[in-house]
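Visitor: Fold the stuff below for me.
(2 chains)
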Amino acid sequence: MGKVAVNSPAHRPLVSTAVYLAPSVKFPLQKRGLGTIYTPPLARLIEQLQRLPSVGPKTAQRLALHLLKRPDAEVENLAQALLDAKKRVGQCQVCFHLSAEPVCDICRHPQRDNSVICVVSDPRDVIALEKTREFRGKYHVLGGVISPMDGIGPEQLTIQPLLHRVSQPEIKEVILAISPSVEGETTTLYLGKLLQPFTKVTRIAFGLPMGGDLEYADEVTLARALEGRREL
Amino acid sequence: MSRTYQTLGIVVKGMAFGESDRLVTIFSPEYGLIRAIAPGARKPKSSLRGRTELFVVNQFLLFAGKSLDRINQAETQYSYPGLGQNVCNLAAGQYLIELILALGTEASAQTSLYELFTEHLRRLETEATVENIYGHLAQALFHCLGAEGIAPQFHHCAITAQTISPNFYDRQWRVGFSPELGGIVDLRSSRDMGPIPQMRRLTAMELSLLQQLNQPALPDPQQYLPVIARKNFRLWDWVKAENLMRYYAQRQLGKSFRAAVLLDSMWEVDF
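Guide: Predicted structure coming up:
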């Protein structure tokens, strides 16, 4: 790393005596009336990091201090990657999975089975299912589940495009892979009713997780596992 | 003093909270609505995972916090599995939950409301069919509003307090219903009062069904209707009765029941 000029911002100490505290950044020192410990740009960075999910004040501080220690090029790459992802990543026009292209890699792949569609509620579910390497068909991302109590009705999900896809003659099966919560069940039953006239509709099994102990399983999960039992 | 307490309760609302917790609202007969954190409930092997789903009745062991309570233990008593058999029942159950979230209060016993709510969920689970689901819902609305003292009056005129009975012999016979006055209105007496805002007109059949809502169980219209009216009874009449109760409840509580819209759309498909 090159020599740092005496008056450049990088030369200044990380801990400043300047009195500044962003409104949303709260630390114990503030209560003691000892001023603040963060210089304004650092406080701003911590404040922005704290807005990320699952990032609290301590994690935000650790990340911010880590970033300050990294070379300029690395930090610039991170900033550029954030901007690029935000600008370029949208939804696939076919399946509504995240994609930088109009049609995503999965929908374009020539060796995928076009006759089976797996319906999921969220792009994260596609990633989880892809990690299993078991499913070779295509996906459809609904963008949520029907939750009347939260004001999410069928019209807010990508159900119309799904109906359009399923009405094509090459579709042989639709697999509903939606979480077994009450909202997920509502969505599964709703879609089942809607799609059954077009094709075969199945749903993923639910019950005990691998490695789970029967003894410690909750009654609701056990009851569902019994209900969904299958013949050997 | 111990800050740990036990109560029976049904989960009526839940949402993700933090990395792996769930924030749930429990409706308890002893404490009304309780907002509590279920720590780690979203982890795959958590024993609270299934127990903090909607409609699950548990015996809870809770720790009273400053703003939110924390679930230490839960033991499931019942989970209304029959509601999950079809989308109409699920939507109807969520409709009742919306009603309870509007009627429930925090830190006060609501034993009658709890008993009525769980009983009507049981009826939706075991007795409701596509033919009578709206009748069950109309009665659930009437009973729950009655438990909180705001049920509408369907037997006496809200202005004159005179008893009104449906007249099946006159096809043109109508009675008024005013949510503002809290019940039915004899149209002759309302003429003297001038125009009553948002008044609806009910037929003899509609009034007859609404007058039966105060019964403990949902009556079969073919049993109690006069012979002259039995052949005119249609399933659609239950829908109209429920719509009137919904309209009244929404006005009284200042909120709309969004699950009812889903139910309406699905019921039409089923029917």
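Visitor: can you list the residues of the stretch 1-150 of chain B near chain A?
Guide: Those residues of the stretch 1-150 of chain B that sit near chain A, judged by CB under 8 Å from any CB of the partner chain, are B:13-14, B:18-19, B:44-45, B:47-51, B:53-56, B:76, B:79, B:81, B:84, B:86-87, B:90-91, B:94-95, B:97-98, B:101. Yep, even glycine has a C-beta here, placed from its N, CA and C like the rest.
Visitor: could you flag which of the residues you listed are buried?
Guide: B:13-14, B:47-51, B:53-56, B:76, B:79, B:84, B:86-87, B:90-91, B:94-95, B:97-98, B:101 (16 or more other CB atoms under 10 Å in any protein chain shown).
Visitor: Can you flag which of these belong to helices?
Guide: B:87, B:90-91, B:94-95, B:97-98, B:101 (DSSP state H).
Visitor: ok, longest helix in the chain?
Guide: Using chain A here. Ranking each helix of chain A by length (DSSP H) puts helix A:72-88 first.
Visitor: that's the wrong chain, I wanted chain B
Guide: Taking DSSP H as the criterion, chain B has its longest helix at helix B:235-253.
Visitor: Could you list the alpha-carbon positions for that one in CSV?
Guide: C-alpha atoms of helix B:235-253 as CSV (Å, rounded to 0.1, in the frame of the first residue of the first chain):
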residue,chain,number,x,y,z
LEU,B,235,-78.8,-21.2,0.2
TRP,B,236,-78.2,-17.7,-1.1
ASP,B,237,-80.3,-16.4,1.8
TRP,B,238,-77.6,-17.5,4.3
VAL,B,239,-75.1,-15.6,2.2
LYS,B,240,-77.3,-12.5,2.4
ALA,B,241,-77.6,-12.9,6.2
GLU,B,242,-73.9,-13.2,6.6
ASN,B,243,-73.3,-10.2,4.4
LEU,B,244,-75.5,-8.1,6.6
MET,B,245,-73.8,-9.3,9.7
ARG,B,246,-70.4,-8.6,8.1
TYR,B,247,-71.5,-5.1,7.0
TYR,B,248,-72.7,-4.4,10.6
ALA,B,249,-69.5,-5.8,12.2
GLN,B,250,-67.2,-3.9,9.9
ARG,B,251,-69.0,-0.7,10.7
GLN,B,252,-69.0,-1.3,14.4
LEU,B,253,-65.3,-2.3,14.5
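Visitor: Could you give me the buried positions within the helix or strand following that helix?
Guide: Next along the chain after helix B:235-253, taking DSSP states H and E as the criterion, comes helix B:258-270. Counting neighbours by 16+ other CB under 10 Å, one finds that the buried residues in helix B:258-270 are B:258-260, B:262-264, B:266-267.
Visitor: Then stretch A:203-220?
Guide: A:203, A:207, A:217-220.
Visitor: which one of these sits closest to B:Y248?
Guide: Taking CB to CB as the measure, A:V220 is the one of the buried residues of stretch A:203-220 closest to B:Y248, at 34.8 Å.
Visitor: Tell me which residues touch B:L137, please.
Guide: By CB atoms under 8 Å, 6 or more residues apart in numbering or on different chains, the residues touching B:L137 are B:92, B:95-96, B:124, B:242, B:245.
Visitor: Could you identify the most distant pair in those residues?
Guide: B:L124 and B:M245 (15.2 Å).
Visitor: packing partners for the longest helix of chain B?
Guide: With contacts defined as 3 or more CB pairs under 8 Å, 6 or more residues apart in numbering or on different chains; DSSP states H and E, helix B:235-253 has these neighbours: helix B:87-103, helix B:133-147, strand B:200-202, helix B:204-211.
Visitor: As CSV, these with mean pLDDT would be great.
Guide: Below are the helices and strands packed on helix B:235-253 laid out as CSV (pLDDT from 0 to 100):
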stretch, mean pLDDT
helix B:87-103, 95
helix B:133-147, 96
strand B:200-202, 91
helix B:204-211, 93
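Visitor: Fine, thanks again, bye for now.
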